[in-house]
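Student: Sequence and computational prediction follow.
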Amino acid sequence: MKNNQFKASFLALFLGGMGLQAQEHPPVGTTAVKATSKYDYQAAFAPNFYTKNGTDTHSASGQPGAKYWQNKADYQLSATLNEKNNEIIGTEILTYTNNSPDKISFLWMNVDQNLFKNNSRGKAVIPVTGSRNGDKGQIFDGGHKIKSIKVIAIQNGKTVEKEAKFEIIDTRMQVFLPQDLNPNGGTIKLKIEFSFISPNFGSDRMGVMDTKNGKIFTMGQWYPRMCVYDDVKGWNTLPYLGAGEFYLEYGDFDVNITAPANHIVVCSGELTNPSEVYTADQQKRWTEASKSDKTVIIRSAEEVTNIASRPAGTSTLNWHFKIKNARDVSWASSAAFIVDAAKINLPSGKKSLAISAYPIESSGQEAWGRATEYTKSSIENYSNHWFEYPYPAATNVAGNEGGIEYPGIVFCDLKSKGEDLWFVTDHEFGHSWFPMIVGSNERLFAWMDEGFNTFINTLSKTEFNNGEYKSRPRNMQRMSQMLTNPELEPIMTSPDGMKEANLGLLAYEKPSSGLIMLREQILGKDRFDKAFRTYTERWAFKHPTPDDFFRTMENVSGEDLNWFWRAWFVNNWRLDQGITKIKYLKNDPKLGVLISIENLEKMAMPVVMEIKTKSGAISRVQLPVEIWQRNTAWTFLHTSTEEIETITIDPDHVFPDINPANNVWSSDKSELEKAVILDTYLGNYTSKQIPVKITLTEENGALVGTPEEGQGPKLSFESIGKDKFGAEQGGVELQFNESKNEFTLKMRGQEFLFTKV
Ligand SMILES: [Zn+2]
């Protein structure tokens, strides 16, 4: 589905975030109180991220387990469109296969049109301020009407139909089976007679639109669809409230749509009877299109109003489509359609077909005249990068939806043009991979379809037509206030549990930004792509959970990423890295510089720094995230040989640092710490009170105390006052006398005097 909340919420969140920043973090160089760190390295890197171990259905390595199973739903669907009252009357023959190890005595099905009934739960949760979901207050007789459900069986060689009892609860329908459905492959056949009147606006996913040359019907959620029965929750029966999308079973579809003869019908899958529904001329053009990389017009703008552009002698026509291994099927019908098409080249050498259907209002090269070119490019791009497109056609339909995806067909805003049309087309067809090929549970985890899709869209956008619509690299520093605003729910929240205004960020932008960071800053492009491709291949036409994704990314890349998932997906943590101080070794820039940094918020990230010296030489320092595994602050030696001009944390703004003010040290504005000259303290010391000998030496600007073999651990001391040094580990302090030939060692409340030998 199109992300239409993002732009609106951007400014409000950004401005809101700026206020917070000003309050929480005074800029470096002021006399304000030093910020205390909220970072807890034990929380960030805690073991046992996974709340359950791998099973024989979902392996610990993130792949489907040895005993993975899923059920199958095959549909034969026939429907008639009544153009006058927007009614769809249909019959469904469902063949359901129970591959689970359980007996099943009832089925749960989705009757999603019930969202548009007046007493639906989805209507009840729409705020008075309005929503993208629901039917926008249209008064009509909405909802799925189920005339009958029959079990079809063969008895004594004859087909018999027996009424089955059923109960409808909001958008779910429970069908009681006359006898249990056997585990491990038992099948049942149901015949369901249904109808509904389509809303004009169907929760931005289906509807009816008036255009100059007739209504456009874009039909989704139109037949009773099987709920998924899986090894995670059993029956997945969350109601359709509006925000949460779908979780559906795979199967083969055979679809017959009867529409007025002046209509053109497009549908998921392949049209099997073109000779019955297109003119001889149009059939020739289809053949031409199937061999052409350039868009071929099947029915032009001029032909839409020409009666000769439709087969003569009948008031209705039946359109027959087939699609295999899909989780849903949708269609569109209109007398107003201009149709064009072009060949799609797939990596294996197979071909598919890009098709667009749109009204005259949307025509022209600056608008839908390029829709087929966009469709072809997207499908080819994603097929090359991730997984080959499996369906015989990809049809882009202009409707009154912002943008919505179905297998092999999408509905995009008929008013979209230029870059917007590219973007929505690319996004909706990107969904062919998530969730159409990789069948995750959208109703619970929107980030696994919208987020993954938004991520692959960023790559496709850069590559389209030599960068025609390429955007500037994202500034994660600027986006940080928005992406990690404390008001946000974590990404892992179900879409129905998020504020509607946050969905655009949490389901689309934030997961996508996280994957970009993981790819470009943490794993590197090749390692990331290999892991992400493996996830797609492993779970193609299956039902992965979040852990299957996390585990696959870790197992294939060979990297423990628990800290990353925890900060970005499971929690809504923030990042603030800062430079605390720098000092030259022995106050001599030729000997190198000690740079101290700090992690101030709950999120850990690797550190990238740019160091510029007085002569203008620039170098980059990269520190792995492991520096934060047991530290809140970190000091390291940079082997520069001249004075430092500036040090900048994250110079490319690739991390979501909420407080850039403390990211820069500059020689003209920031303080330079004086190193204590250690020479006079160095030497060998003994004590009369205890039989211990200690040698003090200097290592990288620190005073290092080494007891004689077997007398204790080596300790590193920092200057903490006049002639006073402390060791962070062990709580040990050294206080020298004025002439620096004696020191008192304080440890666990005891004091020992040491004298230089
Ligand atoms: Zn989407």
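Tutor: That came in fine, so what should we check first?

Student: Which helix or strand contains the nearest residue to S667 once chain neighbours are set aside?
Tutor: Closest residue in space to S667, ignoring its immediate chain neighbours: E645 at 5.5 Å, by Cβ to Cβ, 6 or more residues apart in numbering. Where you see a C-beta, it was placed from the backbone N, CA and C, and this is true even at glycine. For E645, the enclosing helix or strand under DSSP states H and E is strand 644-649.

Student: and that strand, C-alpha only, in CSV?
Tutor: Only the C-alpha atoms of strand 644-649 are listed here, as CSV (Å, rounded to 0.1, in the frame of the first residue of the first chain):
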residue,chain,number,x,y,z
ILE,A,644,44.3,18.5,14.5
GLU,A,645,42.1,21.1,12.9
THR,A,646,38.7,19.2,13.2
ILE,A,647,37.3,15.9,14.2
THR,A,648,33.8,15.0,13.0
ILE,A,649,31.7,12.0,14.0
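
Student: Specify the local secondary structure of A153.
Tutor: Three-state assignment for A153 (DSSP: H, G, I helix; E, B strand; the rest coil): strand.

Student: isn't it right next to T159, touching?
Tutor: Yes. Proximity of A153 to T159 meets the contact threshold set by Cβ atoms under 8 Å, at 7.5 Å.

Student: which one of these two has more residues nearby?
Tutor: Taking neighbours as other Cβ atoms under 10 Å, A153 and T159 compare with A153 leading, 14 against 9.

Student: Against K233, how distant is the closest residue to the ion within the stretch 1-150 of the chain?
Tutor: Using Cβ to the ion, the closest approach of the stretch 1-150 of the chain to the ion is made by M1 at 4.0 Å. The spacing between M1 and K233, counted by Cβ to Cβ, to the nearest Å, is 23 Å.

Student: next one: N457
Tutor: 30 Å.

Student: same question, Q622
Tutor: When Q622 is compared with K233 (using Cβ to Cβ), they lie 43 Å apart.

Student: same question, T375
Tutor: 35 Å.

Student: Have a look at those two and say which one is more surrounded.
Tutor: Comparing T375 with K233 by neighbour count (other Cβ under 10 Å), the higher total belongs to T375, at 29 against 13.

Student: list the contacts for the residue nearest to that one when sequence neighbours are not counted?
Tutor: Of all residues not flanking T375 in the chain, A354 sits nearest, at 4.0 Å (Cβ to Cβ, 6+ apart). Taking Cβ atoms under 8 Å, 6 or more residues apart in numbering as the criterion, A354 is in contact with 341-344, 372-373, 375-376, 379, 393-396.

Student: is any part of stretch 482-497 close to the ion?
Tutor: No. Stretch 482-497 does not reach the ion (Cβ under 5 Å from the ion); its nearest approach is 11.2 Å.

Student: CA atoms of that stretch as PDB?
Tutor: C-alpha atoms of stretch 482-497 as PDB (Å, rounded to 0.1, in the frame of the first residue of the first chain):
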ATOM      1  CA  MET A 482      11.700  12.000  13.300                       C
ATOM      2  CA  LEU A 483      12.700   8.300  13.200                       C
ATOM      3  CA  THR A 484      13.400   7.900  16.900                       C
ATOM      4  CA  ASN A 485      11.000  10.400  18.300                       C
ATOM      5  CA  PRO A 486      10.200   9.200  21.800                       C
ATOM      6  CA  GLU A 487       6.400   9.500  21.100                       C
ATOM      7  CA  LEU A 488       6.700   6.600  18.500                       C
ATOM      8  CA  GLU A 489       5.700   3.000  19.100                       C
ATOM      9  CA  PRO A 490       8.400   0.400  18.300                       C
ATOM     10  CA  ILE A 491       8.400  -0.900  14.700                       C
ATOM     11  CA  MET A 492       7.400  -4.300  16.000                       C
ATOM     12  CA  THR A 493       4.000  -3.000  17.000                       C
ATOM     13  CA  SER A 494       1.100  -4.300  14.900                       C
ATOM     14  CA  PRO A 495      -0.200  -1.700  12.400                       C
ATOM     15  CA  ASP A 496      -3.600  -1.600  14.200                       C
ATOM     16  CA  GLY A 497      -1.700  -0.800  17.400                       C
END
